[in-house]
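K.L.:
could you look at this predicted model? Sequence included:
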Amino acid sequence: MDNTMPILLVPGLVSSPRIFAPLLPGLWRFGPVTVANHIRDDNMGAIARRILAEAPPRFALAGHSMGGYIAFEIMRQAPERVAKLALLNTQARSDTPEATARRQGMMARARGGDYRGVLDELFPGFVHPTRHGDPNLRQLVHDMGEDVGAEAFIRQQTAVMGRPDSRPSLAWITCPTLVLSGDTDNTIANALSVEMADGIHGARLVILPDCGHLPQVEQPQPTTDALVEWLRC
């Protein structure tokens with residue numbers, strides 16, 4: 001392929017590179033793929049700065065869930081370095097008081113040694129209701145949780161709680177943008193994806209059927225197809 005583009009993937013909360021594994025065969029043909037490390041800092045500004053310091057000079061950026069919040073911060077800090085933007089099962093709004101209270105409860109449990117219980121609590125909201133009994137997906141969530149670890153989970157939650165409202169900056173995004181969600185995302189409603197797509201000029205909105213919050217592993221082929229079309233635009 002004559003014109004390759006480095007691709008930077010940013011995982012979500014308690015997610016590791018494992019979440020993107022099903023997509024890699026379809027993406028690597030378009031350029032070198034990097035999965036960002038987002039577990040070392042406890043605020044969005046510092047996470048984005050560290051990722052940018054390690055990233056190629058210019059890249060296609062795809063952020064999933066918390067990774068979308070980080071992508072918005074990267075866009076604020078260095079929009080000229082982002083050639084294309086994909087926002088997967090994420091939102092532009094800041095945390096609600098109710099969400100913050102729930103996060104604080106999970107952080108307290110993780111500090112107290114019940115991190116595995118927190119992962120079990122998160123799992124039903126991560127997948128489509130028909131997959132609540134899927135042992136492979138549940139194991140994946142636990143494996144990624146172990147990759148991240150309880151201390152980094154607490155840092156991530158601190159960063160997520162303190163994130164700014166990115167809705168005012170949606171109109172500033174001018175690069176080709178994909179907004180993707182599942183039709184039954186019980187963690188971040190797809191109405192918030194519609195809101196982002198409406199706010200970004202020319203954004204393409206894709207809502208996958210029979211899919212929850214983890215499209216990379218719930219609907220890997222349609223997710224890959226949407227990202228390939230985005231990379232080709």
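P.N.:
It's in.
K.L.:
quick check on residue 35: phi, psi?
P.N.:
phi -100, psi 120 (degrees, to the nearest 10).
K.L.:
that one: how many residues sit nearby?
P.N.:
19 (other Cβ atoms under 10 Å). Heads up, the C-betas are built off the backbone N, CA and C, glycines and all.
K.L.:
what's the per-residue pLDDT of the residue most central in space within the chain here?
P.N.:
Residue closest to the mean C-alpha point of the chain, counted by Cα atoms, centre = their mean, is residue 64 at 1.4 Å. Note for residue 64: predicted pLDDT of 98.
K.L.:
again, but for residue 3
P.N.:
Reported pLDDT for residue 3: 69.
K.L.:
how about the secondary structure of residue 179?
P.N.:
Assigned with DSSP: H, G, I helix; E, B strand; the rest coil, residue 179 falls in the strand class.
K.L.:
ranges for the helices of this protein?
P.N.:
Here the chain has its helices, by DSSP state H, at 24-27, 44-54, 66-77, 97-111, 115-126, 135-148, 150-161, 190-199, 215-218, 220-232.
K.L.:
so which of those gets nearest residue 176?
P.N.:
When those are compared by Cβ to Cβ, helix 220-232 sits nearest residue 176, at 6.7 Å.
K.L.:
tell me which other helices or strands that closest one touches.
P.N.:
In this structure, helix 220-232 packs against helix 24-27, strand 59-64, strand 82-88, strand 177-182, strand 204-208, helix 215-218, with contacts taken as 3 or more Cβ pairs under 8 Å, 6 or more residues apart in numbering; DSSP states H and E.
K.L.:
mind putting those into a markdown table with distance to residue 43?
P.N.:
What follows is the helices and strands packed on helix 220-232, written out as a markdown table (distance: least, Cβ to Cβ, whole Å):
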| stretch | distance to residue 43 |
| --- | --- |
| helix 24-27 | 29 |
| strand 59-64 | 16 |
| strand 82-88 | 20 |
| strand 177-182 | 25 |
| strand 204-208 | 30 |
| helix 215-218 | 26 |
